[in-house]
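Chemist: Return a 3D structure for these sequence lines:
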Amino acid sequence: MCLLLLLSSPLVHSQDEKKLIEKMNKAYMENSSFSMDVAVRLFATDGDIPSDMVHRGRVSKGKNEYYSSMMGQTTVCNSRCYLVIDEENRRILYSSANASKAFTKPLADPSAVTDSLLKDSRLRTLSLEAGRRTIEIIPASSAMYDKIELTVNTANYALEKVVYLYKKAEDLPYKRVEMLYSNVSFAPKEDKTLYSEATYVSKQRGKLRGIGKWASYQVTDMSDFDPEKTYKNAAGN
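Modeler: Residues are numbered from 1 along each chain as shown. This is a model prediction of the structure:
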């Protein structure tokens, strides 16, 4: 299943925050499809950032098919394969459905905040205004995040904004990441070709090749890649 639920285990905290997150999760779970535009803002500190640091993209799901395009990377997942297009390096990574069970969603996906991060976290409401509530999540144990803030539409339970505040680390290029979601639809009329690998690659003489605007991209088929076997061979075992 391409889409992991935002929350799959109960939280034992403030009932208002808990109920709202459960309703949000239910909205994404019960709707077989959804789509939204995404804007990502990167902060080197907690201060303001230049406008050219805003990256825009799109996330959509159609039944068990998934598509996202953000910051130079397009991800497609369906019942047949998992495909990643890296525009900067002009490369396409392809994995068959069996090899792509460990599919990892980009951070811009509204379901990327998983229950493993929220488990045993502290919740509180930061703001409550007409049509939306902002909830602060302080993870009980996270090597990456100080806290996360969710802004949820209280009418349709769509996620409108996520703020990730990272722990101070020299190897991180930013301290704060904001994801802003707009044009959220739980009944979108998406172009079905977005979810099909045939839009991006084709098999020619037994070898996968990019097609259309991706014809010059290098395609790597990862379907037979076995990380455990590769490790053992490298270790001489």
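Chemist: Below-threshold pLDDT in the protein: ranges please.
Modeler: Scanning the chain for pLDDT under 70 picks out the ranges 1-14, 45-53, 98-119, 142-143, 169-172, 225-237.
Chemist: Longest helix of this protein, counting residues only.
Modeler: As assigned by DSSP state H, the longest helix anywhere in the chain is helix 15-30.
Chemist: ok, and for that helix, which residues are buried?
Modeler: Neighbour counts over helix 15-30 (16 or more other CB atoms under 10 Å) mark Glu17, Lys18, Leu20, Ile21, Met24, Asn25, Ala27, Tyr28 as buried. Yep, even glycine has a C-beta here, placed from its N, CA and C like the rest.
Chemist: which other helices and strands contact it?
Modeler: strand 122-129, strand 132-138, strand 145-153 (3 or more CB pairs under 8 Å, 6 or more residues apart in numbering; DSSP states H and E).
Chemist: Tell me where the chain has helices.
Modeler: 15-30, 115-118, 227-234.
Chemist: Looking at the buried residues of helix 15-30, spot the one nearest Glu160.
Modeler: Met24 (10.2 Å; CB to CB).
Chemist: just to revisit the earlier point, for the longest helix of the chain, what is the distance to the chain centroid?
Modeler: Remark: helix 15-30 is offset 18 Å from the chain centroid, using CA atoms, centre = their mean, to the nearest Å.
Chemist: ok, the buried residues of helix 15-30 vs Gly131, which is closest?
Modeler: Leu20 (12.6 Å).
Chemist: mind checking how far that closest one is from Thr151?
Modeler: In this view, Leu20 and Thr151 are 11 Å apart by CB to CB, to the nearest Å.
Chemist: so what's in contact with these two at the same time?
Modeler: Common neighbours of Leu20 and Thr151, counting by CB atoms under 8 Å, 6 or more residues apart in numbering, are Arg133, Ile135.
Chemist: Thank you kindly, that will do.
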